[in-house]
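Undergrad: model this:
(one chain, ligands or ions: 1)
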Amino acid sequence: MPFGERSPWRFRGSPLALEWVAGGWHLRVVQPYRATKLYRCPGCDQEIFPRTLHVVVWPEGNPEQRRHWHRSCWERRYAELERARELEQRAGPSKKS
Ligand SMILES: [Zn+2]
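TA: Alright, predicted model coming up:
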């Protein structure tokens, strides 16, 4: 499990693919030996160097929106998204009152 025992991430796909889904997001772990290019992480705006373990994330069903992230940056962003969603749910379905 990439994110610990209490992680909401559910394993999807074959073990070698290292793909996960949660909250409408699809995540793929990129192993260092498969990371051959330089990417820019949208979380911290720093470079992800080749041969670095990182993750590729996209909204489920929209693989063309895939972005490469540092794993810790995505974990932080995902926690923010979860918090926002929790607040939204607490506010209730109607935006009144
Ligand atoms: Zn980053």
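Undergrad: how about the residues of the protein near the ion?
TA: Contacts of the chain with the ion, taken as C-beta under 5 Å from the ion, map to 41, 43, 44, 70, 73. Any C-beta I mention is one placed from the backbone N, CA and C, and that applies to glycine too.
Undergrad: Give me the buried subset of those.
TA: 41, 43, 70, 73 (16 or more other C-beta atoms under 10 Å).
Undergrad: mind listing which of the residues of the chain next to the ion are in helices?
TA: Counting by DSSP state H, those place residue 73 in helices.
Undergrad: residue boundaries of the strands in the protein?
TA: Ranges of strands in the chain, per DSSP state E, are 10-12, 19-22, 25-30, 39-40, 47-48, 54-59, 67-69.
Undergrad: Kindly reformat the ones you listed as JSON lines containing mean neighbour count.
TA: As requested, these are arranged in JSON lines below (neighbours: other C-beta atoms under 10 Å):
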{"stretch": "strand 10-12", "mean neighbour count": "12"}
{"stretch": "strand 19-22", "mean neighbour count": "17"}
{"stretch": "strand 25-30", "mean neighbour count": "18"}
{"stretch": "strand 39-40", "mean neighbour count": "16"}
{"stretch": "strand 47-48", "mean neighbour count": "16"}
{"stretch": "strand 54-59", "mean neighbour count": "18"}
{"stretch": "strand 67-69", "mean neighbour count": "19"}
